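# turn this into a structure:
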Amino acid sequence: MARFRGPKSKVSRRYSEPIFGASKALNKKNYPPGQHGRGRRRKQSEYAIQLAAKQKAKYIYGVLERQFRNLFDKAARKDGITGENLLQLLEARLDNVVYRMGISPTRRGARQLVSHKHIMVNGTVVNIPSFTLRPGDIVSVREKSKSLECIAESLGRPNKAFPWLEWDGNDKSGKFMSFPTREDIPENIEEQLIVELYSK
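The predicted model follows:
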């Protein structure tokens, strides 16, 4: 199963961003992890910077190397800018859309909801987190799962609206309208560095 099982706060400190959600470790220790975290660090090579950009994207979306490489190859074959295509494919993953719609407060939680068969796509239960949605697909909470406390709590929080998604709170369902543009994706990812890394 493609998920990171290591220390989450360590990853957040490495990139100085709450990769897996809010982290107290960032407030207490606003320097990189490790023995020399506070000390002077030597200048990173071009490869190290590109690799860090790729690893960061993988951590954010909860994708391991083989899946990420396959998505990049798919993005490279599509028309348009490869980096933007890659982010669009990552955003179109079912677990990410469940998270964006506010059904779960985290991508890891969204992945679990999908795996445990609480989510339907076009009226059919789908338990594959990496399932790629197409424009027009309807994502909804399974009827038996609408009363789940974790879903109710998440939907009760104020959630940010995204222009490529449409949400119906009464029916607990949403529509994947279109692939997002780069300007609409809030994640701080330098996709061009990822393209340069894989182009070597």
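
# how much space between residue 124 and residue 194?
33 Å (Cβ to Cβ, to the nearest Å). For glycine as for every other residue, the C-beta is placed from the backbone atoms N, C-alpha and C.

# domain parsing for the chain?
Residue ranges for the domains of the chain, per automatic domain parsing: 8-89+187-198, 103-178.

# quick revisit: of residue 124 and residue 194, who's got more company?
A direct count of neighbours by other Cβ atoms under 10 Å for residue 124 and residue 194 places residue 194 higher, at 25 against 6.

# contacts only, for that one.
Residue 194 sits next to 50, 53, 54, 57, 72, 83, 86 when contact means Cβ atoms under 8 Å, 6 or more residues apart in numbering.

# which SSE is immediately downstream of the worst-scoring helix or strand of the chain on mean pLDDT?
Lowest by mean pLDDT, DSSP states H and E among the helices and strands of the chain is helix 24-28, with a mean of 59. Using DSSP states H and E, the helix or strand that follows helix 24-28 in sequence is helix 46-61.

# with adjacent residues omitted, what lies nearest to the residue nearest the centre of the chain?
Nearest residue to the geometric centre of the chain (Cα atoms, centre = their mean): residue 61, 3.0 Å. Here the nearest residue to residue 61 in space, its sequence neighbours aside, is residue 90; by Cβ to Cβ, 6 or more residues apart in numbering that works out to 4.8 Å.

# and stretch 77-89, how far from the chain's centre?
16 Å (Cα atoms, centre = their mean, to the nearest Å).

# kindly report the same for stretch 183-198.
Relative to its chain's centre, stretch 183-198 lies at 13 Å (Cα atoms, centre = their mean).

# tell me the contacts of residue 161?
residue 167.

# confidence score at it?
Reported pLDDT at residue 161 in the predicted model: 87.

# residue 72 too?
96.

# what sits against it?
Residue 72 makes contacts with 82, 86, 194, 198, as judged by Cβ under 8 Å, 6+ apart.

# distance of it from residue 135?
21 Å.

# could you do residue 147 as well?
Distance, residue 147 to residue 135, using Cβ to Cβ: 30 Å.

# before we move on, what about residue 153?
30 Å.

# before we move on, what about residue 108?
Counting by Cβ to Cβ, the gap from residue 108 to residue 135 is 26 Å.

# between these two, which has more neighbouring residues?
Using other Cβ under 10 Å, the more surrounded residue of residue 108 and residue 135 is residue 108, with 17 against 11.

# wait, the more buried one touches residue 62, no?
Yes - Residue 108 is within contact range of residue 62, at 6.5 Å (criterion: Cβ atoms under 8 Å).
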